[in-house]
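J.: here is a sequence with its predicted model. Questions after.
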Amino acid sequence: MNNKQQVIETDKAPAPAGAYSQAVRSGATLYISGQLPIRADKEPLADTSFAAQARQAIANMLAILEAAGGSPADLSRVTAYIVGVANWPEFNRIYGELLGDARPARTVVPVPELHYGFLVEIDAIATLDDEG
């Protein structure tokens with residue numbers, strides 16, 4: 001097992017906008033940074049509804065996971081920050097649709113606001129095969 005930290009990058013998710021990485025792999029553990037609903041090309045979403053934002057943020061997380069060689073089944077923990085507890089059922093619906101049968105530990109944290117006025121941010125920890 002390689003215990004040295006490895007930065008994971010993909011052009012299928014937005015590049016970091018600050019002093020952080022999309023993800024860092026340490027041994028078999030992958031830490032995915034918080035993903036906002038920003039397209040990889042940084043063009044604005046055509047639809048800014050909560051559903052569209054949730055779908056984009058989760059897609060970004062999954063793109064980074066895939067770039068590290070993982071799949072939703074490898075997710076160990078997901079934390080979602082959502083603006084408006086009323087959006088929780090919609091988040092659950094989209095999350096279940098995009099993660100399929102994967103059922104990682106999860107926390108949904110209602111927050112009053114997020115950066116740039118977005119409505120959802122999601123980060124994750126995954127456990128990958130040892131050959132990283």
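T.: Ah, there it is.
J.: center of the protein, which residue is that?
T.: Centroid check for the chain by Cα atoms, centre = their mean gives Met61 as the closest residue, at 2.8 Å.
J.: before we move on, what SS does that residue have?
T.: Three-state call for Met61 (DSSP: H, G, I helix; E, B strand; the rest coil): helix.
J.: the closest residue in space to it that isn't next to it in sequence pairs with what?
T.: Among residues not flanking Met61 along the chain, Gln35 sits closest, at 4.8 Å (Cβ to Cβ, 6 or more residues apart in numbering). Placement of C-beta: from N, CA and C, glycine included. Per DSSP bridges, residues listed as beta-bridge partners of Gln35: Ile122.
J.: ok, now which ones touch Gln35?
T.: With contact taken as Cβ atoms under 8 Å, 6 or more residues apart in numbering, Gln35 is in contact with 13-14, 57-58, 60-61, 64, 121-123.
J.: coming back round to it: right, and the residue nearest to the centre of the chain touches Val120 too?
T.: No. The pair Met61 / Val120 is not scored as a contact, 10.8 Å apart, by Cβ atoms under 8 Å.
J.: which SS state does Val108 fall under?
T.: What three-state DSSP gives for Val108 is strand.
J.: now do it, the pLDDT please.
T.: On the pLDDT scale, Val108 is placed at 97.
J.: how about Lys4?
T.: At Lys4 the predicted local distance difference test score is 87.
J.: for it, what are its contacts?
T.: For Lys4, counting by Cβ under 8 Å, 6+ apart, there are no contacting residues.
J.: what about the closest residue to Pro110 other than its chain neighbours, how many residues nearby?
T.: Excluding the flanking residues, the one nearest Pro110 by Cβ to Cβ, 6+ apart is Val85, at 4.3 Å. Residues lying near Val85 (other Cβ atoms under 10 Å) number 12.
J.: quick one: Val85 from Pro104, how far?
T.: Taking Cβ to Cβ, to the nearest Å as the measure, Val85 and Pro104 are separated by 21 Å.
J.: same deal with Gln22?
T.: As defined by Cβ to Cβ, Gln22 lies at a distance of 18 Å from Pro104.
J.: more crowded one of those two?
T.: Between Gln22 and Pro104, counted using other Cβ under 10 Å, the more crowded position is Gln22 (22 against 16).
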